[in-house]
Every structure is written in C-alpha cells, then in structure tokens.
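I'll drop the sequence and a predicted model, then ask my questions.
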Amino acid sequence: MLYSVTHTTKYDYDAPVSYCHNIAVLKPRRSLGQELLEYKMVVSPEADEVSERVDFFGNYITRFSIQKEHRQLKVTTKSRLRREYEQFKTDFRSDKCVKITLEQAKNSLLKTDVEILEAKQFVLESIFIKRASAAVETYARQSFKPNRSVFEAAEELMQRIYTDFDFVSGFTSVSTPIDEVMEERKGVCQDFAQIAIACIRSIGLPARYISGYIETLPPPGQEKLVGADASHAWFSIFIPGFGWVDFDPTNNQIPGDQHLVVGWGRDYYDVPPLKGVVYGSGKSKLAVEVDIARVI
Amino acid sequence: MTVATNAWFTKYFTDYTYDEMFTPDLSVKEDWQELLENFKRIGIDGLTQRQNDINWLLEENGVTYNVYNDPNGLNRPWNLNVVPFILQSEEWRQIEKGLKQRAHLLDLVLKDIYGERRLIKEGIVPHEVIYGHRGFLRQCDKINYKIDKHLLLYAADLARGSDGRMWVVNDRSQAPSGMGYALENRATANRVLADVFADMNIKRLSEFFKEFNEFLLEVSPEKIENPNIVILTPGSHNETYFEHAYLASFLGYPLVQGNDLVVRDGFLFMKSLKGLKRVHVVLRRVDDVFTDPLELREDSHLGVAGLLDVVRRQNVAVVNPIGSGVLENPGLIPFMPAICKFFLNEQLQLPQIASWWCGQEKEKKYVLENLSNLVVKPIDRTNREHIHFGSLMSEQELENLKKEIIKKPYHFVAQERISFSTTPNYSKGTFEPRNMVARTFTMAGKNGYNVMPGGLVRVAPERGKLRVSNQRGGTSKDFWIIGDSKNEERQNYSWNRRTAVSVSGLDDLPSLTAENLYWAGRYVGRTLVNARFLRMVLKQMNAPDTVANQQACSVKMNVLYKAVTQMTGTYPGFMDKDKAGNFAIDNPLKEIIAVVLDKNKQGSLANTMMMFSNSYYSIRNLWSSDMWRVFENIQKLWRSLENEKDVTVNKMIKTLNQLITRLIAFMGLIEESIMVEQGLLLYFIGLQLEQSMLTITKCRSLLVIKQSGQTEYEVLESLLSSHESLNIYRYSYRSFIRVEPVISLLLMDLKYPRSLTFLLGRLQKDIARLPHSKKSDTLMQYEKNVFEAFSSLRLANSEELAVVGGENTLIREDLDTLLEKLSDLLFETSQSISNTYFNHTYKQSQLVDQNFPL
C-alpha cells in the first residue's frame, strides 16, 4: 500500500515571538513492513537552521530554530510511505507466538543476549510512566496469568481498555498522570497506549510506545476509525522468543496497513511530534491537521 | 608528646575510634606533632584568638554557604576550624595514585555508557544500573567530543573505613562543588596562621589552579589565542553561589546565568551590551538536566535552549560534559573491581565503601535481612533526604523501606554503616574529636589526571554525629599535605592570563550584569535620597514646636507627610484613606514607621534596601573586600533596627544617620573598585537617573503648591535640608529663603552637583558612552529624551516658574507642567535603556506545557 501523508501543525501567538528553538519527531522511521519513499518538511516562517539526527531509539529527530520575530509557526511535513504489514499479522497467531506463556516469557528475559538486553530497558519506569500503582497492577493481573499465553493476555488487555475506557478528548493533557487516567477511565489514544504499557511493565514485561498515524478513509460499509485526522498512538509488547507485537487499544485491533509508524520510545516523552522553547510573552493557540491519502 | 599538648587531649577520647592525629598505638603522627608544637607556642588563648580571626575574616570577606530553608536566611557564614587536617605524605601518594586510576576508569565508563555500551553487552554491569538511572540521558547518546577525555573534573569523597584505609564513599562528576571553598580556606588560613605553619612546608594549591586554567583554555573546540570562557551559575540563591563568584573573579572569567547565553546558528553566544559574543568553553555549575530546556528539563530556566545541539556540533566545550551525572551512581560501586579488570586489567587501587546492589537476588536478600545495620540509597539520588539510615529507623519505617526495595530492587543500593574516623576540632577552648569526610579534586590534564594536593575537609557539626554535610551545617578544615622539599616555589597566583575581563571592555559586558549594575545604581540612589528625606521628616516630627503644638504645625507637617508618600510611592499612605477607611494622618508615626521598616510594603525604605541587597548579591564577583565589609555593616545596622522592640523617632533618626554615612562610604568604594569598562558606567547611569527622578518628585510635592508666608518658609527650609543644600543656599544667596532662588539652586544651577540640570548634564555625557550611542549621527531614543529634558530646563526661567497660575489658585502651573514633562521623559529614558540593552528578559515558555522531573 502506498500512502501520502500531510501533517500540518500551526501555532498562533497573541503576542510576537522573538525567537524559538524546536524539536520535531515527524519523519517516519524505518520499521517492519514500512518504507519511507519521500519526505519533506516546510517550516514557516523559514527556519534559520535545520539539523537532523537519529536518536537513541532510532527515530529521526529534526531540530530547527527561527530567529526572526513571528506571530505564527507552521510546520508541514509531507511523506510518501509504502506499508506492507498485513503479511506479518498471521505470524502473531501462529504457535511460535501464541504458545509462549507468561512464565516462559519471564524466564527468557533472564537471558543476556543482545535482543533481550535491548528489549529489557522497556521494562523499567520511564518519564511519564512511573512505577505502577496497585490499581494498574491489579488491572493487568486480570489478564496476565503465569500459565497463560502472553499474546492472548495482551490482546485481552487491549480489548478491556477499549471497553472500559471512554475516548474523551480534552479531558487529559500530555502531563496527566497515568494513575489519574486509570481512576477516571477516560482519555485519548496516547493515554490508552500508556495505560497498557504501565500494565505490561507492572508484570515485568517490556512494552513501548508507538507514535504514528492511522488512515482516515474507512473501507465501505465499515465504521469510521476513531483517532482519524490526527496523530495516533498505540503500544507494542515484547514477547521473548518471538518479538515485538503491536496493539491499538483505541480501536481494538492489531495494527495493519492502515497504521503508519513515525517513531517509538518508552512513552510519549521520547517521541513528541513537536516541542520547543519559545521566547515571547503571549499565549498560543494550536491547530493540527493530518491528511492521509492512499496513492495506490 | 609534651606535657602541655598532652593536657589538651586528656579528655579527648570518650570511646575508641580511629583518630586522624594518632597512630594505632596512640602516639601522635609526625606531621601532627609538628603542628601541635607550633600550636603550643601560641597557647590556648592564642588559638582562640586565631579562631576568632578566622571567623572575622570569613565574615568580612563574605564567605557564605546558602542553606535551603534555613531560618537564618540566605548566606550563612562559612565555618573554618583553626585546626587543619593533615594527611601523611606517604599515605597521600597512594591515594593520589588511586584517584588518578579511578578518574581514568570513570572516564572510560562514561565513554562506554554513551558509546558502545560494552559493559552492558558483555555482562560486566547490569543494564538497570545504567538504564534505570535518571542521570543516563539518552539525548547524550553517541555524542563525539574533540578532546579525548570526557570526564574532565572529578571529585571523590573519602572517609576512613574499618580497615584504617581511606575509602571512596561518593563520586561527584556533574558539577562538583568545593574547589573554590578549598582555595578560600587556604587563603584564609594563610593569612591567620602564617606564622604557625611557616616551617611546615605545606603543598601549595597554586600549581593545581594554574593547570586548571590552562586546561580550560585547552578544551576550547577552536584553537585560538583567547577563547571565551564563562562560568555558568544557577544564580545567587544557589547554595554554593559564593564559590561560583569566587572562582569567577579568581580565574578572571565572566560569571553568567542561563539568561546571559543564547544559541544561534549552532553556536553559543553571550549577550553583551554591544551584542552577541561567541563562547567557547562553559564551566558549569548547573546540573545536567537543567542545562537545556529544549532537550532536557523543559521547565528549566537555568540553562540555555539548544545548548546540547551546540555540544553535538562540537562548537562548545561544557565542563563536565552534559550527561556525566550518570557516574554519580552508587550502583556502579559493586561492579568497579570488574570494570577495572575489564578495561585496564588492573586491581582497583582505592578501596570503596562496601555496597550491595539490590537488583541481584542474593544481594537483595542480604540487604532485606540486615536492613537495620545498613545505609540505603537510591542509585540516582545520592544526597540528603534520600538516604535511609537503617539504625535510626523504626520498625514501621524499615517495613516500608523493604516494600519499596522489593517493588523496585534495581533502584536501591545498601552500604555498610561506616565508622568515620575522627579528627581534632578546636571548639570553646578544647579539642574535640569530630567525624570527617574529605573531598578531593581531580582534573584532566595533558598527561593523564592531576590531583589537587589537598581538598575540602568537612567535619560533623557536633561531637558524635555521623552525618557530614554542608547542607546540614557543619565546619570545614584546611587540608594539608606536607611536601618533601623544604623549598617549593612560592609562586603567587600571578600566572600569565591569556584571557581576562579587563581586555574585553564595556561592549562585552554580560547584559544581565549590566542590568544588575544599573539597578544597583538606581536602588542605592533611591535608598540614599529617601533616607535623607525621611530623616528630615523625623527630625521635624521631633522638633519642640511640633510636639508642643500639634495644630500650628499641622499644615507644614501635612505637606511633608504627603511628600513622603509621593517620594516612596507607598500609596495610599498620607494621600488618602486606606482600605479599612482609616487616615494615616491620624497616626502619622505608625505610617512613618511602616514606610521605614515594613519590608513587605512596596517602596518602603526596608523594601528598597532589600532590592538593593539583591542586586548587589547578583554581581558580587565584581566586589572588593572593602565593599563587602561596608555592605555587611549596612546590613547589620539595618537588622538591629528591625529587631528593635520599641522603635522611636529618635532611634530611627540615629539609625538613618549611620545608614547615610555608610551608604556614602559604600558609594565611594564602588567608584574606586569597579572600572567603567566593567560596568561602572551602568551604575552611574542608574544612579543619576534615580537621583534626577526623585529630585523632580520632591520638588513637585513641595514647590508646586504655594503656601502662606511662614509655612512656605518652613517647607522650603525642609526641602533644602533634605537635599543637603541648606548651607549652600545660605552661602550662595545670603538671604531669607524664597522660592525663586530655591528653584534656581535645586533645579537650574549648572555648577551645583546636586541640581537637576547638573545631574542631567552628567547623565547626558554618560549615556553617550553606551555601545549603541556611538553608532551613528542619529541619537538613540534615550539620548533624545535626556537631551530634551536638559534643554527644557536650560530654557526655563526661575522667576516665571515661581509664578502662581491665577487669582483663584495656589498652583505654580508652569513649574508643574515642566516637572511633569521631565518626569515623563526620564521614565521613557529608563524604558528605552532597558529595551536596548537588557532585553534578554524575554519570557521563556514551552510550546507544549510539560512539567515533570527527569
């Protein structure tokens, strides 16, 4: 599948900004079944300098600064992507994945080969996902049992979050603590992803946060997917002996071709689409637009 | 041991501990013996005298240490005990070798952690010890540096362990503090005890600091003659701010805050009066996560947005590199022997405190079973509140701690409760054994690492206390290593400085420093003028006829009281009723006391004094010690009035008299201690501007409304007296006081230094020397304003100004109009100067609001 994605982020300031420094995680990274064919970023007003690097997790980080006075910041990215992911989904349901129980998984984690070592850092607490409260762990334990398949447990966890939590935008912000989301049972895609990650880490397995997009055009006769027209987020669990498997708790599905990956990290903190430091004295208003078109 | 010294130590030991002065068989170590002989010469009284001298000197020089939440407030005096700490040179040689090895090893660890991570991959260090440490900053991964050593400065805390050897108990690698205090301790000891230890051949610190200076030049990413080096401080509220300022003035580099610096086009710049100036090296005293709000802690206002990127591009060197805080990690201690074998195939030379990392099953079990005998710390918060002393905890607290450990075992390390050695401390006429910790300093050099021959020794605040920390209060000691040769060079700190502030001039003055100087000038001016005015009013209140006859004087006193409110801006004051509906005029003394002493009343003298102190603290690296002494005197004087239970008019007059004298002495010292190029110009501009503005306010309050005969005379006399101009008036006019000559003298006299015209003339000359004034033939806005103010005054005529507007009015309208215009012009001048030179104060905010600890 070939996609063309246009992502526009606009900040309007009510007082002039004299200069700003920004960091964007908007350029889609290389990931399983996904290839970036073309990418362009346009900043308005034009950035005085731009640099790009690959971070600790392998994501593209773009840094730019604007040194002239401005009242509006507009960042537009256009990407062309090939996504052929459906082929891997059958693997998830195969014995070599489904048969792995929690107990086996935890034993495998004791090994010290490179893949395991690399994955294990995603068990530790991270900036936004601090050590889980008892409520989170209890919630997780309802699905994860020592002799149960990790895959099945994770799938059930996804379903339960989908059922138990309400999608309410505006209720949470990036800094709303996990415990509060758990208590209130409402939030948006990034909250659901982070709740799931907190649950999985509480039972001692690695989980990471994935930032990306979801295609907006629903196939005929099907419901429109939630999270359309904006960035999207989901989670991935590491099943030792098999590998990473993605789940989207906002839409209760295993991501396929319609999910486009931009970057991943321990939680939202590692991959915010756009952040920055602004010098000026006003307030800002944010508008985001994402447009995903199927090319073929 | 001689009888005399023996007698000093008869009550020294209460129970057996290892004491630094004695050998295991309780004879006195050789170097200590020499010290005691020297002490004997001056005797107990002599020692007490020397200790007092030290205390006095430290206070005089303003050596302070800020303790957070300290009831004594900021800037608690630093303590230095008269008895130094001596380490035998033989032992020191071993320690020195061990420190060099450890610094080298930690440098390799640092490179590996942010590079290949072989230590993790090859199973030498468990991944949680690194990945689970807050100081491991993923943003710093794979950064390359131009210099081959990454760990540039390293401090280790040493304490004597149970085997009688010095153990490493803490590693400090971000922005280690203490070097400046060690230097100051030595300087103080040198002055007070020179005769006591003249023959003892103590190793000097100067060589180390000379090399430190060369090293700062060396690390510059560009090999140029004069790389720009700055010292980055979190600000004057930081606990070790004294040290930052001390090192800045000792090394001769500008002391800057995050606000002074800016990133442009991949380079780091300092905002100076003239514009931006490239910075090559930052010696930072700001912790890792606060150094860059763009990539690290978003809510930090102590760093520079984009700094990390400049580091990545190798356009600036930060000492120590950002991210080095991961080495402040007791979780590494149990693995250090293996790391040493892995990298160097050597044995670790310095012993370390026994530590158990709870991320391992066996160790965790041991810790949980022996918790009450251990000291538990998180791997990434190694100071203060986060340390749990098992022996001091209740059953319940131990249970809670156990739960914490079980929940997140990798986050905790338990250490042996070490029985610190003691060292003699002189206190109230006797010697007491006090527990001690020594901080040593190691620095990268051309050939490996250099170790400071000495360091900072701190002892527990009380006998028998184990915890040693400046943050909790305590005493420090000079740290002596006795050299071999009797004739070591006596070189002073006069090495050839390749970079110094004096060569850079006014254009390169950091704009924050410039702003502080400007406000210092304004506040000192305001304090002086208002103190004089209040003193005059207080004297009038105490005058016999005021006291005797309230009614007759009320018109004059009313005018003066209202002027007090206008001069200080303490509205409503005497101008109107307050919120509760009371008129201050009904109880003038109460209001006057508030205007003098209420710190929280904006505009009060106490409030102005506070602002004045704050602006001076922020630029203390520019001060001479005489200035400090007078400043301290002023503070003391003021505190004594504040602590006065029964404040009377007479007491206030007395204090104001002393205050005014000391302020004038202080102002005189400022003028001779700081050079115009260092920013004195900004101070002068602030001072002239403030004095001009207050002269205008004073004249508007007292001259615009015409009073009847005797009252007018008395008001004019008060005005002249508060302006310290009564004698000049009598000398110049030899007449009854009339309004026209008063206007002439105070406002229009071209030669009288206290007249407004004179002040504005001088201001005009001073602002013409500001960097942007010289740019073109067109005047800057602030120049236009002052020029207009000056001309308006020159064009005015005192006879006309004294005329009352009409028959039904008592107002001198022309005078009022002129003064109002001047007042507006000067207000605009101040704004224009601020906008042109101090515009670093752009509000910093986040694109997306995020507040969380890293």
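Sure, I can see it. Residues are numbered from 1 along each chain as shown, chains lettered A, B, ... in the order given.

What's the per-residue pLDDT of residue 40 here?
The chain I'm using is chain A. With respect to pLDDT, residue A:40 scores 97.

hmm, I had chain B in mind actually
At residue B:40, pLDDT is 89.

That one belongs to a helix?
Yes: looking at residue B:40 with DSSP: H, G, I helix; E, B strand; the rest coil, it is inside a helix.

Regarding the chain, what is its longest strand?
By default, I'm working from chain A. strand A:2-24 (DSSP state E).

Let me rephrase: I mean chain B.
The longest strand of chain B (DSSP E) is strand B:430-444.

Give the pairing partners of that one; include direction for each.
According to DSSP bridges, strand B:430-444 forms sheet pairs with strand B:153-160 (antiparallel), strand B:422-427 (antiparallel), strand B:449-451 (antiparallel), strand B:456-459 (antiparallel).

can I get those strands in JSON lines with mean neighbour count and mean pLDDT?
C-beta coordinates here come from the backbone N, C-alpha and C atoms, glycine included. Below are the strands paired with strand B:430-444 laid out as JSON lines (neighbours: other Cβ atoms under 10 Å in any protein chain shown; pLDDT from 0 to 100):
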{"stretch": "strand B:153-160", "mean neighbour count": "24", "mean pLDDT": "95"}
{"stretch": "strand B:422-427", "mean neighbour count": "22", "mean pLDDT": "90"}
{"stretch": "strand B:449-451", "mean neighbour count": "22", "mean pLDDT": "96"}
{"stretch": "strand B:456-459", "mean neighbour count": "26", "mean pLDDT": "91"}
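
picking that back up, now the longest strand of chain B - C-alpha only, CSV.
What follows is strand B:430-444, C-alpha atoms only, in CSV (Å, rounded to 0.1, in the frame of the first residue of the first chain):
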residue,chain,number,x,y,z
THR,B,430,39.2,22.4,74.0
PHE,B,431,39.9,19.9,71.3
GLU,B,432,37.1,17.5,70.3
PRO,B,433,37.1,14.5,68.0
ARG,B,434,34.7,15.1,65.1
ASN,B,435,33.8,12.7,62.3
MET,B,436,35.2,13.8,59.0
VAL,B,437,34.9,13.4,55.2
ALA,B,438,37.5,14.7,52.7
ARG,B,439,36.6,15.8,49.2
THR,B,440,39.4,15.5,46.7
PHE,B,441,39.5,17.1,43.2
THR,B,442,41.0,15.6,40.1
MET,B,443,41.2,17.2,36.7
ALA,B,444,42.1,16.1,33.2
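
Identify each buried residue in it, please.
B:431-444 (16 or more other Cβ atoms under 10 Å in any protein chain shown).

Can you name the residues of the stretch 101-250 of chain B that neighbour chain A?
Counting by Cβ under 8 Å from any Cβ of the partner chain, the residues of the stretch 101-250 of chain B lying close to chain A are B:120, B:121, B:123, B:127, B:128, B:131, B:132, B:138, B:139, B:141.

quick one: contacts for whichever residue of the stretch 101-250 of chain A sits closest to chain B?
In the stretch 101-250 of chain A, no residue comes nearer to chain B than residue A:121, which is 4.3 Å away by Cβ to the nearest Cβ. The neighbours of residue A:121, taking Cβ atoms under 8 Å, 6 or more residues apart in numbering or on different chains as the test, are A:206, A:266, B:127, B:131.

Could you rerun that using 6 Å?
residue B:131 (Cβ atoms under 6 Å, 6 or more residues apart in numbering or on different chains).

is it true that it lies in a helix?
Yes: Residue A:121 forms part of a helix when assessed by three-state DSSP.

Count the neighbours of residue 9 for me.
The chain I'm using is chain A. Using other Cβ atoms under 10 Å in any protein chain shown, residue A:9 has 21 neighbouring residues.

Let me rephrase: I mean chain B.
Neighbours of residue B:9 using other Cβ under 10 Å come to 19.

Find the nearest non-adjacent residue to it, please.
Residue nearest to residue B:9 in three dimensions, not counting chain neighbours: residue B:431, with 6.2 Å by Cβ to Cβ, 6 or more residues apart in numbering or on different chains.

What ranges does the stretch 151-300 of chain B have for its strands?
For the stretch 151-300 of chain B, the strands defined by DSSP state E, counting those that start in this stretch cover B:153-160, B:166-172, B:229-232, B:255-256, B:261-264, B:267-271, B:276-278, B:281-284.

Can I get those strands in a markdown table including distance to residue B:816?
Rendered in a markdown table, the data for the strands of the stretch 151-300 of chain B read as follows (distance: least, Cβ to Cβ, whole Å):
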| stretch | distance to residue B:816 |
| --- | --- |
| strand B:153-160 | 63 |
| strand B:166-172 | 64 |
| strand B:229-232 | 49 |
| strand B:255-256 | 45 |
| strand B:261-264 | 45 |
| strand B:267-271 | 41 |
| strand B:276-278 | 45 |
| strand B:281-284 | 54 |
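
And for residue B:739, nearest residue in space, chain neighbours not counted?
In space, residue B:739 is closest to residue B:802, 4.8 Å off (Cβ to Cβ, 6+ apart).

low-confidence ranges in the chain?
You didn't say which chain, so I picked chain A. For chain A, the stretches flagged by pLDDT under 70 are A:217-219, A:223-229, A:296.

actually chain B
By pLDDT under 70, the low-scoring segments of chain B are B:1-6, B:14-16, B:66-76, B:382-385, B:463-474, B:485-504, B:547-553, B:775, B:839-842, B:849-854.

Near chain A, which residues of it? Just list them.
B:123, B:127, B:131-132, B:138, B:141, B:265, B:293-294, B:305-306, B:309, B:408, B:842-845, B:847-848, B:850 (Cβ under 6 Å from any Cβ of the partner chain).
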